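Engineer: give me the fold of what follows.
(2 chains)
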Number of protein chains: 2
Amino acid sequence: MSSVPVPPPKCLLKPLVVPFRHMFGPGPSNVPPRILQAGANPVIGHMHPEIFEIMNDIKSGIQYLFQTQNRVTLAVSGTGHTAMECAIFNAVEPGEGVLSAVNGIWGERAADMAERIGARVNTIVAPPGGVLTNEEIERALAKHRPALFFLAHGESSTGVLHSLDGIGQLCHKYNCLFLVDSVASMGGTPLHMDRQGIDILYTGSQKVLNAPPGTAPISFSDRACQKIFNRRTKPVSFFLDLKWLSNYWGCDGKPSRVYHHTGPVTAFYSLRESLAVLAEEGLEKSWERHKEVAEYFHTSLESMGLHLFVKEKVLRVGLMGCNSSKAHVDMVLAAMKDALKHCHENKL
Amino acid sequence: MSSVPVPPPKCLLKPLVVPFRHMFGPGPSNVPPRILQAGANPVIGHMHPEIFEIMNDIKSGIQYLFQTQNRVTLAVSGTGHTAMECAIFNAVEPGEGVLSAVNGIWGERAADMAERIGARVNTIVAPPGGVLTNEEIERALAKHRPALFFLAHGESSTGVLHSLDGIGQLCHKYNCLFLVDSVASMGGTPLHMDRQGIDILYTGSQKVLNAPPGTAPISFSDRACQKIFNRRTKPVSFFLDLKWLSNYWGCDGKPSRVYHHTGPVTAFYSLRESLAVLAEEGLEKSWERHKEVAEYFHTSLESMGLHLFVKEKVLRVGLMGCNSSKAHVDMVLAAMKDALKHCHENKL
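Structural biologist: Numbering: from 1, shown residues only, chains lettered A, B, ... in the order given. Down below sits the predicted model:
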């Protein structure tokens, strides 16, 4: 018998039961036992030297994943949305312009976030399932003169991969920072942060990387840092303030790290492990494998009489990281064949 | 050989090594294998029915932990700082007043956060290691007429536990919301959110609960919700917007949950497990155990000739959750005796 007004809930006296699921949707993807077990290592302090070494390994892994030499490269303690807010909160001051390329949900969310902090927001909207040309982007940059241009590389709501080539150069011509969301694409298709002139790039842990959701790699070019570290106003979030974060991650060259927040150390363990898996396979091999498996999937769908298109009602299939294999494609195809058979039967 | 400009980092080819540490500082505390292993369960989708059930269990567990019937009770996908910003971002509109009780680092951080979003911020400062009287608090409320009053229950930077009795009533007399940080105290000492008239209460997962850092329980009274859901402006953060969060956690009574962000599902597993451990022991027993162990520790320190005080240089010892046992006190005492012996030797 409990003497407190709110008694212990009975539901918590039942054991936790989690089913195994094949995660072939737009994310999160399956997490291999090796990465799950890395996250079950004992908790150590967020200011212990061993965790700083793990964080340094993560930084190197992200620099490799992003193909960047940027000093200010780290993982935000949160999911992709946190990284998105980290980018916008730091790069934009109230009253500055933000241009968002809307070709699905992510461009809309970036615009929403920028409006909340008092930015002047404009959008350029691509047709559903379509992309923007560099000419359209340049016209909008010239017209609105934004401080930041947002583009989602892999738009998970429509499945469209947007080309990035030449856009960084355009942004810089108009003195604008180029922010790219690569949550759904990173590691599965070529992306070169430095070569492509991307100023701020982020991704999530739970897609191609196959780590649990909860950490979000992000990197800032020198050009981005130059603007951010010379702001007139403080970013709205202390938790996401890049001055604090870059010190906590040892990116600011200062001899010691100051307590900022309690990093999710076990999530760092699994993120490090997922980056190690990628380093072992090699980025080019991962790109190649995702390409081959996607082609195999698309060809097989077409041979089933199905067509790939992006319109209002679609089936979204994601085969990312360890899920990107022909065997998994075959599983998805078998399930689809079975489902389609039942659809036909129901119609008769 | 790698053909990409940034080669795979060698440090990631070494296996992850995490030492076991006794976590007897101000937090995080040790995480029992049962809770670590719960977090190593397979990843499922953030919109799967099974995760909604786990989130419902977590809500019930937090209502028990906080001793509240509040409908809007959930866990933020982040650490204590994220919960702190969630409280302030939602409860305060630009230009409104915030009064922060500063008796250590947390009151200062709350003031910093509120300033960043354009609040009028005032502080009342307690002497180092001291507390504020209800008379001092009332005078400040009457003078500044804030919309929100912040107080840290357990100030981990000084080790001081602040009484909460009567303060909620004072706040309501002046039409002010009462926000309490219980990161370092929750579960280790009596706290009754509803009885004590607390409007917003949050804690972390990594102290008495013994879960890894990365989730932060938070609850909002009807009075707080009344203000928050009738704001004129949107909160600065989409990710922490309570309208979205309370729908995602099924607190808003709507029949279906809309995708907001990808919840850190494995962190939810371990949070649920930590709340289950607490429900099994019982809150009153946990309070009693922490009290007994603290008394045993304090008496033993005094018998060693040491005195408990709060001043500039202190040793901060935290024995929270599963670490709160006489056996662990004996370990700390033995280590301190050894250290003091060496201090004396070095002085000779």
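Engineer: okay, and the helix or strand of chain A with the least pLDDT?
Structural biologist: helix A:326-347 (a mean of 85; mean pLDDT, DSSP states H and E).
Engineer: check whether that one comes near chain B.
Structural biologist: No: Helix A:326-347 stays clear of chain B (C-beta under 8 Å from any C-beta of the partner chain), getting no nearer than 15.4 Å. C-beta here means a position set from N, CA and C on the backbone, and glycine is covered the same way.
Engineer: contacting residues around that helix?
Structural biologist: A:H22, A:F24, A:V293, A:Y296, A:F297, A:S300, A:L301, A:M304, A:L306, A:L315, A:V317, A:L319 (C-beta atoms under 8 Å, 6 or more residues apart in numbering or on different chains).
Engineer: so which of these is the most crowded?
Structural biologist: A:L319 (25 neighbours; other C-beta atoms under 10 Å in any protein chain shown).
Engineer: that one against A:M23, yeah?
Structural biologist: No: taking C-beta atoms under 8 Å as the definition, A:L319 is not a contact partner of A:M23, at 9.6 Å.
Engineer: and the helix or strand harbouring A:N90, what's its mean pLDDT?
Structural biologist: Using DSSP states H and E, A:N90 sits in helix A:80-91. Taken as a whole, helix A:80-91 carries a mean pLDDT of 98.
Engineer: now for it, which elements pack on it?
Structural biologist: strand A:72-76, helix A:105-116, strand A:148-152, strand A:177-181, strand A:200-202, strand A:216-220, helix A:222-228, helix A:242-248 (3 or more C-beta pairs under 8 Å, 6 or more residues apart in numbering or on different chains; DSSP states H and E).
Engineer: how about the CA coordinates for that helix, as PDB?
Structural biologist: Extracted C-alpha coordinates of helix A:80-91, given in PDB (Å, rounded to 0.1, in the frame of the first residue of the first chain):
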ATOM      1  CA  GLY A  80      17.800  15.900 -36.600                       C
ATOM      2  CA  HIS A  81      15.300  18.600 -35.600                       C
ATOM      3  CA  THR A  82      17.700  19.800 -32.900                       C
ATOM      4  CA  ALA A  83      20.500  20.000 -35.400                       C
ATOM      5  CA  MET A  84      18.200  22.000 -37.700                       C
ATOM      6  CA  GLU A  85      17.400  24.400 -35.000                       C
ATOM      7  CA  CYS A  86      21.100  24.600 -34.000                       C
ATOM      8  CA  ALA A  87      22.000  25.600 -37.600                       C
ATOM      9  CA  ILE A  88      19.200  28.200 -37.900                       C
ATOM     10  CA  PHE A  89      19.500  29.600 -34.300                       C
ATOM     11  CA  ASN A  90      23.200  30.200 -34.700                       C
ATOM     12  CA  ALA A  91      23.400  31.400 -38.300                       C
END
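Engineer: what's downstream of that helix, the next helix or strand?
Structural biologist: Following helix A:80-91 in sequence order, the next helix or strand is strand A:97-102 (DSSP H and E).
Engineer: could you confirm whether that next one reaches chain B?
Structural biologist: No: Strand A:97-102 stays clear of chain B (C-beta under 8 Å from any C-beta), getting no nearer than 13.2 Å.
Engineer: give the pairing partners of that strand; include direction for each.
Structural biologist: Sheet pairing for strand A:97-102, assigned by DSSP bridges, gives strand A:120-125 (parallel), strand A:148-152 (parallel).
Engineer: make TSV from those and add mean pLDDT, mean neighbour count and distance to B:E53 to it.
Structural biologist: Shown next, in TSV, are the strands paired with strand A:97-102 (pLDDT from 0 to 100; neighbours: other C-beta atoms under 10 Å in any protein chain shown; distance: least, C-beta to C-beta, whole Å):
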stretch	mean pLDDT	mean neighbour count	distance to B:E53
strand A:120-125	98	18	38
strand A:148-152	98	28	32
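Engineer: right, and these - which one's nearest A:V72?
Structural biologist: When the strands paired with strand A:97-102 are compared by C-beta to C-beta, strand A:148-152 sits nearest A:V72, at 16.3 Å.
Engineer: got a list of contacts for the closest one?
Structural biologist: The contact list for strand A:148-152, computed with C-beta under 8 Å, 6+ apart, reads A:88, A:91-92, A:96-101, A:103-104, A:106-107, A:110-111, A:114, A:137, A:141, A:162, A:164, A:167, A:171, A:176-181, A:183-184.
Engineer: which element follows it toward the C-terminus?
Structural biologist: strand A:154-155.
Engineer: and that following strand, what does it pack against?
Structural biologist: helix A:105-116, strand A:160-161.
Engineer: what is the neighbour count of A:L141?
Structural biologist: A:L141: 21 neighbours (other C-beta under 10 Å).
Engineer: wait, is it part of a strand?
Structural biologist: No: A:L141 is assigned helix when assessed by DSSP: H, G, I helix; E, B strand; the rest coil, not a strand.
Engineer: and the closest residue to it other than its chain neighbours, what pLDDT?
Structural biologist: Of all residues not flanking A:L141 in the chain, A:Y174 sits nearest, at 4.3 Å (C-beta to C-beta, 6 or more residues apart in numbering or on different chains). A:Y174 carries a pLDDT value of 98.
Engineer: equivalent analysis for the one 3 residues further on, please.
Structural biologist: Here the pLDDT value assigned to A:L177 is 98.
Engineer: up against chain B, what does the stretch 101-250 of chain A have?
Structural biologist: Contact residues, the stretch 101-250 of chain A versus chain B (C-beta under 8 Å from any C-beta): A:109, A:112-113, A:115-117, A:192, A:194-195, A:204, A:206, A:212-214, A:234-239.
Engineer: which among those end up buried?
Structural biologist: Among these, those buried by neighbour count (16 or more other C-beta atoms under 10 Å in any protein chain shown) are A:109, A:113, A:116-117, A:192, A:194, A:204, A:206, A:212-214, A:235-239.
Engineer: so which pair among these is furthest apart in space?
Structural biologist: Farthest pair in those, by C-beta to C-beta: A:H192 and A:F238, 32.9 Å.
Engineer: state the helix or strand in which A:S274 lies.
Structural biologist: helix A:265-281.
Engineer: tell me the angle of whatever helix or strand comes next after that helix relative to helix A:265-281?
Structural biologist: Per DSSP H and E, the first helix or strand lying C-terminal to helix A:265-281 is helix A:283-303. Computed by axes from the mean of the first three to the mean of the last three C-alpha atoms, to 10 degrees, the angle separating helix A:283-303 from helix A:265-281 equals 80 degrees.
Engineer: may I see the buried residues of helix A:283-303?
Structural biologist: Residues A:L283, A:S286, A:W287, A:R289, A:H290, A:V293, A:A294, A:Y296, A:F297, A:S300, A:L301 are the ones in helix A:283-303 that count as buried (16+ other C-beta under 10 Å).
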